[in-house]
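Enquirer: Structure of the sequence below:
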Amino acid sequence: MTDPLDAKRERLYISLKELDSVVVAYSGGVDSTYLLAASLAALGPEQVLAVTADSPTYPADEREEAAQLAQQLGARQRLIYTTEIDDPRFAKNPPERCYFCKGHLFQDLTAIAQEAGLRAVVYGATLDDLGDHRPGMRAAKEAGARAPLIEAQLTKEDVRALSRQLDLPTWDKPAQACLASRFPYYATITAEALGRIERAEHLLRREFGLRQVRVRHHDTVARLEIELTDLPRLLDEETRRRVAAGLKALDYTYITVDLEGFRSGSMNEVLA
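Expert: Coordinates of the predicted model:
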């Protein structure tokens with residue numbers, strides 16, 4: 001009997017081969033990295049181009065890691081500067097914010113595909129993404145981009161399992177999201193605030209070893225979402241003092257810890 005995961009992988013490869021050549025929207029996260037690796041395996045490096053956005057909404061260390069991994073995979077990569085932060089529709093931060101951001105991105109990706117003579121634009125959404133508020137997927141669909149992982153019926157856990165089989169270092173990488181997701185809806189997104197969030201999360205990861213962390217930005221308040229298993233360590237007296245001092249040095253007045261812990265897309269809870 002065929003293993004269900006093997007069957008899904010085979011469907012993915014067949015789908016990619018039918019596309020013939022692709023531009024991969026590549027962030028270096030779990031899903032886009034596996035999609036890039038699968039595209040390279042199915043089509044060969046000459047038929048694949050990874051494109052990564054350079055924007056204040058994405059941490060610099062994530063871009064650097066993505067570039068290193070693309071090189072390890074033998075993928076061609078192109079970095080493009082995106083200007084969503086200059087779009088007032090995006091900066092006002094309505095619930096449809098991601099629609100405007102991804103609209104800019106997929107327009108750019110489509111133009112790059114046409115220029116490079118590549119037939120399709122693909123991105124790394126999985127079945128799990130269908131159950132959340134994802135207006136960016138509507139922008140992708142309108143631009144004609146394809147989501148091969150969804151077409152192959154792959155879940156996030158499937159992608160992690162397949163990534164592990166390929167020895168991809170991202171197989172157990174914590175979930176990532178653009179820094180704009182740290183703002184409550186209708187709180188204006190600025191480059192200055194994005195920079196503060198990036199520095200705060202970098203501090204918590206690199207100095208305190210927190211793998212899964214979000215600094216939700218409520219103006220003068222930093223609300224920390226971390227794994228519940230990390231709460232005792234964070235509340236250790238010495239660590240608590242150092243964390244508070246580090247974040248106050250970034251101009252946060254109040255530092256809070258969310259007792260519900262990390263939840264992907266927690267800012268969408270108000271939409272319910």
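Enquirer: Which of the three states applies to Val24?
Expert: Classification of Val24 by DSSP: H, G, I helix; E, B strand; the rest coil places it in strand.
Enquirer: so it sits right up against Val122, yeah?
Expert: Yes: shown here, Val24 and Val122 form a contact pair, counting by CB atoms under 8 Å, at 5.6 Å. Every C-beta, even on glycine, is put in place using the N, C-alpha and C of the backbone.
Enquirer: elements contacting the least confident helix or strand in the chain by mean pLDDT?
Expert: Least confident element among the helices and strands of the chain, by mean pLDDT, DSSP states H and E: helix 231-234 (a mean of 92). Applying 3 or more CB pairs under 8 Å, 6 or more residues apart in numbering; DSSP states H and E, we find helix 231-234 packed against helix 237-248.
Enquirer: ok, residues contacting the helix it packs on?
Expert: 200, 203-204, 207-208, 215, 222, 224, 233-234, 255 (CB atoms under 8 Å, 6 or more residues apart in numbering).
Enquirer: Poorly predicted segments of this protein, please.
Expert: 1-2, 272 (pLDDT under 70).
Enquirer: quick one: the helices in it?
Expert: 4-19, 30-43, 60-73, 88-91, 97-116, 135-142, 148-151, 156-165, 191-206, 231-234, 237-248 (DSSP state H).
Enquirer: For Ala175, which of those helices is the nearest?
Expert: With CB to CB as the criterion, Ala175 lies closest to helix 30-43 of the helices of the chain, at 7.3 Å.
Enquirer: helices and strands around the closest one, which ones?
Expert: Judged by 3+ CB pairs under 8 Å, 6+ apart, helix 30-43 is in contact with helix 4-19, strand 22-25, strand 48-54, helix 60-73, helix 148-151, helix 156-165.
Enquirer: Identify, out of those, the most deeply packed stretch.
Expert: strand 22-25 (a mean of 27; mean count of other CB atoms under 10 Å).
Enquirer: That strand pairs with which strands, and in what direction?
Expert: Using DSSP bridges, the strands paired with strand 22-25 are strand 48-54 (parallel), strand 120-122 (parallel).
Enquirer: quick revisit: need the residues touching each of Val24 and Val122.
Expert: Contacts common to Val24 and Val122, judged by CB under 8 Å, 6+ apart, are 35, 39.
Enquirer: Figure out which of the helices and strands packed on helix 30-43 is closest to Arg263.
Expert: helix 156-165 (14.7 Å).
Enquirer: tell me the angle of the closest one relative to helix 4-19?
Expert: In terms of direction (axes from the mean of the first three to the mean of the last three CA atoms, to 10 degrees), helix 156-165 departs from helix 4-19 by 90 degrees.
Enquirer: can you list contacts of helix 156-165?
Expert: 5, 8-9, 30-31, 33-34, 37-38, 124, 126-128, 149, 154, 170-172.
Enquirer: Narrow the residues you listed to just the buried residues.
Expert: 8-9, 30-31, 33-34, 37-38, 124, 126-128, 149, 154, 170-171 (16 or more other CB atoms under 10 Å).
Enquirer: And these, which is closest to Pro88?
Expert: Gly124 (28.5 Å).
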